[in-house]
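S.K.: Below are the sequence and a predicted model; questions follow.
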Amino acid sequence: MRKSVIRTFALAAALSVSAAGAFAANPKVGGAPMYETKNIVENAVNSKDHTTLVAAVKAAGLVQTLEGKGPFTVFAPTNEAFAKLPKGTVDNLLKPENKAQLTKILTCHVVAADAMSMTIKKMVKDDMGTHDVKTVGGCILKAKVSKGKITLTDENGGVAHVTIADVKQSNGVIHVIDKVLLPKM
């Protein structure tokens, strides 16, 4: 009888751990909780690590789009990622006369799908190590997996690493990245 009680407790513990994993909360981004019930813009505005991205989305006139139904996968560069661009680049891109260029760059971070990291990793594996990701902006990103982490290579050879994956949104998912992906201009 003692063995059956131990097995029952072990089974109950295993079930509670797997149930907890099934309902895992979204990771915090930029110190802020991210809510599955809010859309991409509603969550992004609360991240202290994405103030530059939010300003750029506003300047490009993409707020309404990213608040839309989706689904969208957004590879979201941090403020640090924008800071790695040459001095003055961000200020220049935020000028009204550069709206088209800014829009092109931002839409090269957006995919018209809800692609969680496990889905991306499976596509990479199915494509023998590199999967072409077509963005809303018409860019082709090369997705790879290195040491279990997703990397994205832009059309200029720049490589971004996904630092926080699978931040679920009501209209898609955000993956935080450490580099701004640039289209071939």
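M.R.: That came through, no problem.
S.K.: Do you have the strands of the protein handy? List them.
M.R.: 72-77, 110-111, 131-134, 140-146, 149-153, 159-169, 172-177 (DSSP state E).
S.K.: Which of those strands sits closest to residue 35?
M.R.: Smallest distance to residue 35 across these (C-beta to C-beta): 8.3 Å, for strand 159-169. (Each C-beta comes from the backbone N, C-alpha and C, glycine too.)
S.K.: circling back to that earlier point, out of the strands of the chain, which gets nearest to residue 49?
M.R.: Closest of these to residue 49 is strand 172-177, at 7.4 Å (criterion: C-beta to C-beta).
S.K.: Okay, angle between the closest one and strand 149-153 too, please.
M.R.: Orientation of strand 172-177 against strand 149-153 (axes from the mean of the first three to the mean of the last three C-alpha atoms, to 10 degrees) gives an angle of 80 degrees.
S.K.: buried stuff in stretch 83-103?
M.R.: The neighbour-count check on stretch 83-103 (16 or more other C-beta atoms under 10 Å) flags 85, 90, 93, 94, 102, 103 as buried.
S.K.: for stretch 172-185, same thing?
M.R.: Going by 16+ other C-beta under 10 Å, stretch 172-185 has these buried residues: 172, 173, 174, 175, 176, 177, 178, 179, 180, 181, 182, 183.
S.K.: Could I get the pLDDT score of residue 13?
M.R.: With respect to pLDDT, residue 13 has a value of 40.
S.K.: likewise residue 88?
M.R.: pLDDT recorded at residue 88 is 95.
S.K.: what's the distance between it and residue 82?
M.R.: For residue 88, the distance to residue 82 (C-beta to C-beta, to the nearest Å) stands at 12 Å.
S.K.: coming back round to it: looking at the buried residues of stretch 83-103, which two lie furthest apart in space?
M.R.: Using C-beta to C-beta, the pair of the buried residues of stretch 83-103 lying farthest apart is 85 and 103, separated by 16.4 Å.
S.K.: Where does pLDDT dip in the protein?
M.R.: Under the criterion pLDDT under 70, the flagged ranges of the chain are 1-24.
S.K.: Can you give me the neighbour number for residue 33?
M.R.: Per other C-beta atoms under 10 Å, the neighbour tally for residue 33 reads 13.
S.K.: actually residue 54, not the one I wrote
M.R.: Residues within reach of residue 54, counting by other C-beta under 10 Å, total 17.
S.K.: same deal with residue 118?
M.R.: 10.
S.K.: contacts for stretch 27-38?
M.R.: Stretch 27-38 is contacted from outside by 25-26, 42-43, 46-50, 78, 164, 166-170, 174, 176, using C-beta atoms under 8 Å, 6 or more residues apart in numbering.
S.K.: Tell me the buried residues within those.
M.R.: By 16+ other C-beta under 10 Å, the contacts of stretch 27-38 give 26, 42-43, 46-47, 49-50, 78, 164, 166-170, 174, 176 as buried.
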